[in-house]
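Colleague: Below is the structure, and that's it, no one-letter string:
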């Protein structure tokens, strides 16, 4: 499990580091992460409305940026609906 | 990222399915998961006090079982403190 956790942490950092703060995801960073990394788990991610809706549901402090824990909520809710190919 | 998420979902199911409800982790299931899967990220997991403290901090509805989302909180908090070997 630890290597899987490491993958998620590193991917967050990779995308968060693209512009602005290196510890949060801007909307653009969030969109490029979701489109490229979660093509199966998040449908229609290219639709701006989908990203806006996801972002507003996660961005608890409404600063237009997603912290790691706010991002982690998305992964958890997506994962909980994902039966898993075990 | 999706395969990493799949790993976490499947591991949760593997351990949750050992006894009682197949959708929640009992304390014993939780302990065996943490000891075997998170040896680096959760120190001294063999110490019953560590597991009790983790369990009580996560078990929001105090039913002695951890749902996936309660479990996911742990992984998120541990991951957020983990700088990641990127």
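Modeller: Cool, got the structure. Predicted model only: the values in this text are computed from it and were never measured.

Colleague: Could you list the low-pLDDT ranges of chain A?
Modeller: A:83-85 (pLDDT under 70).

Colleague: 90 instead, please
Modeller: Where chain A drops to pLDDT under 90, the residues are A:18-22, A:43-48, A:53-64, A:73-75, A:77-86.

Colleague: Which helix or strand contains the residue most central in space within chain A?
Modeller: Centroid-nearest residue in chain A: residue A:71, 4.9 Å away (criterion: C-alpha atoms, centre = their mean). Using DSSP states H and E, residue A:71 sits in helix A:68-80.

Colleague: So for that helix, what gets flagged as buried?
Modeller: For helix A:68-80, a neighbour-count test (16 or more other C-beta atoms under 10 Å in any protein chain shown) marks A:68, A:70-79 as buried. Using the backbone N, CA and C atoms, a C-beta is placed for each residue, glycine as well.

Colleague: got the residues of chain A near chain B?
Modeller: A:1-11, A:13-14, A:33, A:37-41, A:68-69, A:72-73, A:75-80, A:82-86 (C-beta under 8 Å from any C-beta of the partner chain).

Colleague: Out of those, which end up buried?
Modeller: Buried among these by 16+ other C-beta under 10 Å: A:1-2, A:4-11, A:33, A:37-38, A:41, A:68, A:72-73, A:75-79, A:82.

Colleague: Run a quick neighbour tally on residue A:63.
Modeller: Residues lying near residue A:63 (other C-beta atoms under 10 Å in any protein chain shown) number 11.

Colleague: Which of the three states applies to it?
Modeller: coil (DSSP: H, G, I helix; E, B strand; the rest coil).

Colleague: any idea how far residue B:15 is from it?
Modeller: In this view, residue A:63 and residue B:15 are 36 Å apart by C-beta to C-beta, to the nearest Å.

Colleague: cool, residue A:20 as well?
Modeller: Going from residue A:20 to residue B:15 by C-beta to C-beta gives 39 Å.

Colleague: Check which helix or strand the nearest residue in space to residue A:15 that is not next to it in sequence maps to.
Modeller: Setting aside the residues directly before and after it, residue A:15 is nearest to residue A:33 in space (C-beta to C-beta, 6 or more residues apart in numbering or on different chains), at 4.2 Å. Here residue A:33 sits within helix A:27-37, counting by DSSP H and E.

Colleague: Identify each buried residue in that helix, please.
Modeller: Under 16+ other C-beta under 10 Å, the buried positions of helix A:27-37 are A:27, A:29-34, A:37.

Colleague: Can you tell me what sits against it?
Modeller: A:11-12, A:15-16, A:18-19, A:25, A:42, A:45-46, A:51-52, A:54-55, A:64, A:66, A:71, B:1-2 (C-beta atoms under 8 Å, 6 or more residues apart in numbering or on different chains).
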